[in-house]
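> quick one: sequence and predicted model below, then my questions.
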Amino acid sequence: MEIQNSMKKEVYRPFINYFQRSPRGYFLSNDAGYNITLTKKQFESFLKGNLKDKKCKNQLVEKAFFRNRLNFDLLSERLGSYLLKDWKGPHIHIISLTKRCDSNCFYCGANATNSLVRKHDMSLEIAEKTVDFIFKVQSQDLMIEFQGGEPLLNFKIVKFIVNYAKKKNKIFKRNIHFSIVTNLIGMDEKKLAFLIKNKVTVCSSLDGPQVLHDKNRKISKGSAHSIVAKWLKKISLLAKKNTAIEAPNAICTISRSSLKYPEKIVDEFLKCGLNRVQLGPLDPLGRAALNWDKVGYDAKEFLNFYKKAFDYIIELNKKGIDIYEKGALMFARQILTGERPRYQNLDFIYRLAYNYNGNIYGSDEARMLSNSADEFFQLGNVYEDSFGSLLNKPISRTLFLSAFGFLTQPKCARCAYNPYCHIMPVYNYAAQGSFWGNMAINERCKIFKGVFDIIISKMEDKTVKRMFINWTKNYQ
């Protein structure tokens, strides 16, 4: 197929990696991370070799959709980044300080235990070994995240790791950041002062309005929602008064009970002083797997909820209210720039997780799976392994491959969203019983494709596209 310019006699040979129908016509993408949306007429003319639209043709040239008009220097740089040419190791390191928790969440993926049983707490010795292991990874950027169970129940180890890591960093000179994922039940002024002083970002769970949050997250006395709302508001206010203080974040795990509250969930984030909403689909792990018939749902139900919530977020933005959804920002950034967001959590490539006993996993979801006595995804242990030894293990190499669906998944190899997408092997294993899963009937695949469809559809509105562009500039 050739496109002939009668004046310059230039030949343009179409080159398409992936394409998919979109509300406007066709969405095209390629392995360099570029994409373009063409009308039905433009797409047909492009394929037939008689495209006359000069502006459209120039965009197709710039975005590498003509095989004899490729900028190989630019493509080499972009493909090199996508294929991990300069990869130095994972930069996100998630440390589970305990299996204990003082909340009894109906869908707890970590399968946490009673808060009084201390045998599942990380010791000082294992904490030191874990930090030593992390600093042997060559990544210049390090994010150390404390999880559990409930990490505030083993706060002495939070303090030890922060102080020990900062001490080691005087020698290693890494860009280091800390965060803690907590239900905030055990928070007090003394703990908060330490976290603020050491710039530890606080992240909590906020399921929505009180009736929903307290239904999902039961505690022995009082309202879990009242506690989390109190501390999120307090930290948000402190961050607004002092830019040196890290603003808090919150995650909303969507259960079946959440589906009827899309707008109220968004409003609850605003009430707590948060402008970042994170709407996460529920994973079939731990108690969620055991109670799936009560808390679970299918992709269609989630997407119906997500669209309503996202439409509401757009309305709020049009009214000048500062709010965004993290998942939408991540996908929009990739669509608009072709770059992976800094918080993309590709198993083993960008993150590692460490259990209270020193066992190492490629993701926090794999670590949670181990709490249900399934060690399929265990990579090693901080006492027995170096990062180099992990690289040589079959499970590690397979996790690497899983990041590139166009090489390993027939359905992904034909999907226009493939350059921007990643389905977790742990999800496949838990939901479908295999590492690779079956993308043809994979509910998480349906969710991701559905969210991409929503975002691309919304980008047809110039006002909404500007909103997305501003999000990518203003938020990380």
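Perfect, thanks for sending it.
> give me the below-cutoff pLDDT ranges for the chain.
Residue ranges of the chain with pLDDT under 70: 1-10, 341-344.
> quick one, domains of it?
Domain segmentation of the chain under automatic domain parsing yields 3-83, 89-476.
> I'd like the ones you listed as JSON lines, with mean neighbour count appended.
Bear in mind the C-beta positions are built from the backbone N, C-alpha and C, glycine included. Shown next, in JSON lines, are these (neighbours: other C-beta atoms under 10 Å):
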{"stretch": "domain 3-83", "mean neighbour count": "16"}
{"stretch": "domain 89-476", "mean neighbour count": "18"}
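> what about A353, which helix or strand?
Assigned by DSSP states H and E, A353 belongs to strand 351-354.
> do the same with K300
Using DSSP H and E, K300 sits within helix 299-318.
> give me the contact list for that helix.
By C-beta atoms under 8 Å, 6 or more residues apart in numbering, the residues outside helix 299-318 that reach it are 254, 256, 258-259, 262-263, 265-266, 270, 277, 279, 281, 323-325, 328, 443-444, 446-447, 450-451, 454, 458, 463-464, 467.
> measure L47 to S370 for me?
Separation of L47 from S370 (C-beta to C-beta, to the nearest Å): 50 Å.
> circling back: for the strand holding A353, the distance to its chain's centre please.
Taking the mean of its C-alpha atoms, strand 351-354 sits 14 Å from the chain's own mean (C-alpha atoms, centre = their mean, to the nearest Å).
> do the same with stretch 146-166
With C-alpha atoms, centre = their mean as the basis, stretch 146-166 stands 23 Å off its chain's centre.
> next one: stretch 162-174
Distance of stretch 162-174 from the chain centroid (C-alpha atoms, centre = their mean) equals 27 Å.
> same check on stretch 200-208?
Using C-alpha atoms, centre = their mean, the distance from the centre of stretch 200-208 to the centre of the chain it belongs to is 15 Å.
> how about stretch 181-191?
Relative to the centre of its chain, stretch 181-191 is centred 24 Å away, using C-alpha atoms, centre = their mean.
> what's it in contact with?
Defining contact as C-beta under 8 Å, 6+ apart, one finds that stretch 181-191 is touched by 101-103, 145-148, 150-153, 155, 202-205, 217, 219, 224, 227-228, 231-232, 251.
> and it, end to end?
Here the two ends of stretch 181-191 are set 14 Å apart, with distance taken as C-alpha to C-alpha, to the nearest Å.
> follow-up on the earlier one: elements contacting the strand holding A353?
Packing partners of strand 351-354 (3 or more C-beta pairs under 8 Å, 6 or more residues apart in numbering; DSSP states H and E): strand 92-96, helix 124-135, strand 359-361, helix 364-370.
> strands paired with the helix or strand that the first one is followed by, and their directions?
It stands for strand 92-96. Downstream of strand 92-96, the first helix or strand assigned by DSSP H and E is strand 100-101. Listed by DSSP bridges, the sheet partners of strand 100-101 and their directions read strand 113-114 (parallel).
> for the strand it pairs with, what is the distance to the chain centroid?
Counting by C-alpha atoms, centre = their mean, strand 113-114 is centred 27 Å from the centre of its parent chain.
> now do stretch 196-205
Computed by C-alpha atoms, centre = their mean, the chain-centroid distance of stretch 196-205 equals 18 Å.
> ok so, going back, please flag which of the contacts of helix 299-318 sit within helices.
The helices, defined by DSSP state H, take in 262-263, 265-266, 270, 328, 443-444, 446-447, 450-451, 454, 458, 463-464, 467 from the contacts of helix 299-318.
> good, wrapping up.
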